[in-house]
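**Student:** the following block contains a protein sequence and its predicted model.
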Amino acid sequence: TCKPAQWSLQKNCAEALVQAGRGAEAAPLFLAASETAPPATATRLRREAAEQLLNHGYLERGTEILGPLLRAAGIEVPANARDLNAQLVAQTERVVQRGLDFSERSEFQIGRRDLDRIDLCWAAGKGLLINDPIRSGFFLAQCTYLSLEAGEPRRVARSLALFGMAHASRNHDGGVAMLAASDRLGQRIHDPYAIGLGNVCRGILTRTDGHWLGALADLDFGVQYLREHCPGSAWECSLGQGSTMAALEALGELRTMSERSEQMLRRAQETGDMHTSLIAAMYSALALLASGAPAQARARVRGALAHWPRSGFHVQHLHALKLEIYCDLYERRPADAWQRIITAWPELEESSFLRLSTRRAEALTLRAKASLAVLRADPAGHVHLLDVVAQDIHQLEREGRGHLLAEAALLRAGLATCEGDPAAADRHLGAAVSGFEAAGMSVSAVTVRRIRGRNSDAAARAEALMRMQNITEPAAWSRVVAPGLAT
């Protein structure tokens, strides 16, 4: 009679949980199996446990398990941020200099140690992508190089997709080329995972470029494709869903965003996915604020963040900072908004987010909004902030993307108002409306039209359109969108 070993049964149970999207529950079983499994298998089981913990938001435990595995594989991680960034540049340059061509080989033709090094770098790069993008990029660059050298096509396709997306924040054309190569390879080898992940990554890059509708098409297709063809791809689906929420917010589709975020939140809570639960909570909190419930929005943000690690400054902290500042602006608390941003800024600078275009733009916009709000409330006491706002706007304009230029024009209108120049303010408002409309950001455009309203009829029409997206207090929402202009 066949009697499977206990570790084998534990592994099978853990894999079934991963397939069901319950990776956080699977991790302890992978670890338990590793205690009695053969040594080579035990290493892979511990890596699987670390990957599931990182994917579902349990960063400290995941990195604690992964660290010894990386050291045993000879993968050294720089201890300080400067060396880490230098290594990321060096590892990326190594991939670029090598080129994307490779000699295709089956994984059975490749040594187990080489495959384990690739898979370790993949687990670390994927698991840290959202919260530690520089460290993640370091691992993904190594993973891509090692995959190309080894020649196993599935690993090449997945690493080119994820690293290509990450690399595009530093070198747009280079990242796009990697994504295109991944797509061609995934289609040729008929790999469902590469096809689904590639669509999600392309959607994220398209969203970053400000093409919201195209992004939604890729993101929705990628997430649905992964769900249908790749059970166990909870992290990849969460990555796509989070970017979908951001695109819906930009488009002003707040009703749809509210419905999707609530569904996403319920699903994440049912499966114990802390990472996805936190992302969903932030977007559902934004919908609560739009509906006129700032106290409930704050409670949701703080309740979700209470379960997140306190050490470091992660993307969840940036989302929470944004929501808290928005609530302050909504409730006419400009001093609180300003205090929050100056308290958080040193942590933002110490983190790697200001090196990434998308996160840098978010942070600069938040600081400029808080500065304009407190300037409008107390001009004499904060006159020094005029230069801060001007510098932040200039940096936003240097990003060069259409939607950011529209945001910069709106901020310039607020700055002109604080400087007592209504003609310049009106000119910048016109540019903001045109920019938001060109970018498809209809609610932002309508909100600016309300502020600029030449007569009561124009303002009434704008407010009616805002209420169609469940913005119950247009005047309060205008303070969030355009501080320094709305009062």
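**Tutor:** Ah, there it is.
**Student:** so what secondary structure elements neighbour the least confident helix or strand in the chain by mean pLDDT?
**Tutor:** Least confident helix or strand, the chain: helix 456-468 with a mean of 89, by mean pLDDT, DSSP states H and E. Counting contacts by 3 or more CB pairs under 8 Å, 6 or more residues apart in numbering; DSSP states H and E, helix 456-468 packs against helix 442-452, helix 474-481. Backbone N, C-alpha and C define where each C-beta goes, glycine included.
**Student:** if we go to 6 Å?
**Tutor:** helix 442-452 (3 or more CB pairs under 6 Å, 6 or more residues apart in numbering; DSSP states H and E).
**Student:** quick check: mean pLDDT across the helix it packs on?
**Tutor:** Mean per-residue pLDDT for helix 442-452: 92.
**Student:** now do that helix and helix 456-468, the angle between them.
**Tutor:** Using axes from the mean of the first three to the mean of the last three CA atoms, to 10 degrees, the direction of helix 442-452 lies 150 degrees away from that of helix 456-468.
**Student:** pull the distance from helix 442-452 to the chain's centre.
**Tutor:** 26 Å (CA atoms, centre = their mean, to the nearest Å).
**Student:** alpha carbons of that helix, as CSV, please.
**Tutor:** This file holds the C-alpha atoms of helix 442-452, laid out as CSV (Å, rounded to 0.1, in the frame of the first residue of the first chain):
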residue,chain,number,x,y,z
SER,A,442,-14.0,64.0,-16.6
VAL,A,443,-14.8,64.6,-12.9
SER,A,444,-11.6,66.6,-12.4
ALA,A,445,-12.5,68.7,-15.5
VAL,A,446,-16.1,69.2,-14.2
THR,A,447,-14.8,70.1,-10.7
VAL,A,448,-12.6,72.8,-12.2
ARG,A,449,-15.5,74.0,-14.3
ARG,A,450,-17.5,74.4,-11.2
ILE,A,451,-14.8,76.5,-9.5
ARG,A,452,-14.4,78.6,-12.7
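**Student:** give me the helices and strands touching it, please.
**Tutor:** The helices and strands touching helix 442-452, judged by 3+ CB pairs under 6 Å, 6+ apart, are helix 422-438, helix 456-468, helix 474-481.
**Student:** show me the helices in the stretch 301-450 of the chain, by range?
**Tutor:** Secondary structure of the stretch 301-450 of the chain (DSSP state H, counting those that start in this stretch): helices at 315-330, 334-350, 357-377, 385-399, 402-418, 422-438, 442-452.
**Student:** of all the ones you listed, which lies closest to A476?
**Tutor:** Evaluated over these, closeness to A476 peaks at helix 315-330, with 4.9 Å, by CB to CB.
**Student:** point to the residue nearest the middle of this protein.
**Tutor:** Centroid check for the chain by CA atoms, centre = their mean gives I130 as the closest residue, at 5.7 Å.
**Student:** quick one, what contacts that residue?
**Tutor:** By CB atoms under 6 Å, 6 or more residues apart in numbering, the contact set of I130 is V315.
**Student:** the helices of the stretch 301-450 of the chain into a markdown table, with extra columns for mean neighbour count and distance to E463?
**Tutor:** Shown next, in a markdown table, are the helices of the stretch 301-450 of the chain (neighbours: other CB atoms under 10 Å; distance: least, CB to CB, whole Å):
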| stretch | mean neighbour count | distance to E463 |
| --- | --- | --- |
| helix 315-330 | 23 | 16 |
| helix 334-350 | 17 | 23 |
| helix 357-377 | 23 | 21 |
| helix 385-399 | 17 | 27 |
| helix 402-418 | 24 | 18 |
| helix 422-438 | 18 | 16 |
| helix 442-452 | 23 | 6 |
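**Student:** can I get those helices in TSV with distance to E76?
**Tutor:** Formatted as TSV, those follow (distance: least, CB to CB, whole Å):
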stretch	distance to E76
helix 315-330	26
helix 334-350	22
helix 357-377	27
helix 385-399	34
helix 402-418	38
helix 422-438	46
helix 442-452	46
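**Student:** now Q52, nearest residue through space, not along the chain?
**Tutor:** G23 (3.6 Å; CB to CB, 6 or more residues apart in numbering).
**Student:** then G210?
**Tutor:** Sequence neighbours aside, H403 is the residue nearest to G210 in space, at 4.0 Å (criterion: CB to CB, 6+ apart).
**Student:** my read: the one you found touches H211, true?
**Tutor:** No - counting by CB atoms under 6 Å, H403 does not reach H211; the two are 9.4 Å apart.
**Student:** low-scoring stretches of the chain, by residue?
**Tutor:** Where the chain drops to pLDDT under 70, the residues are 1-4, 310, 454-455.
**Student:** do that again at 80, thanks
**Tutor:** Within the chain, the stretches with pLDDT under 80 are 1-5, 308-312, 352-353, 453-456, 486-487.
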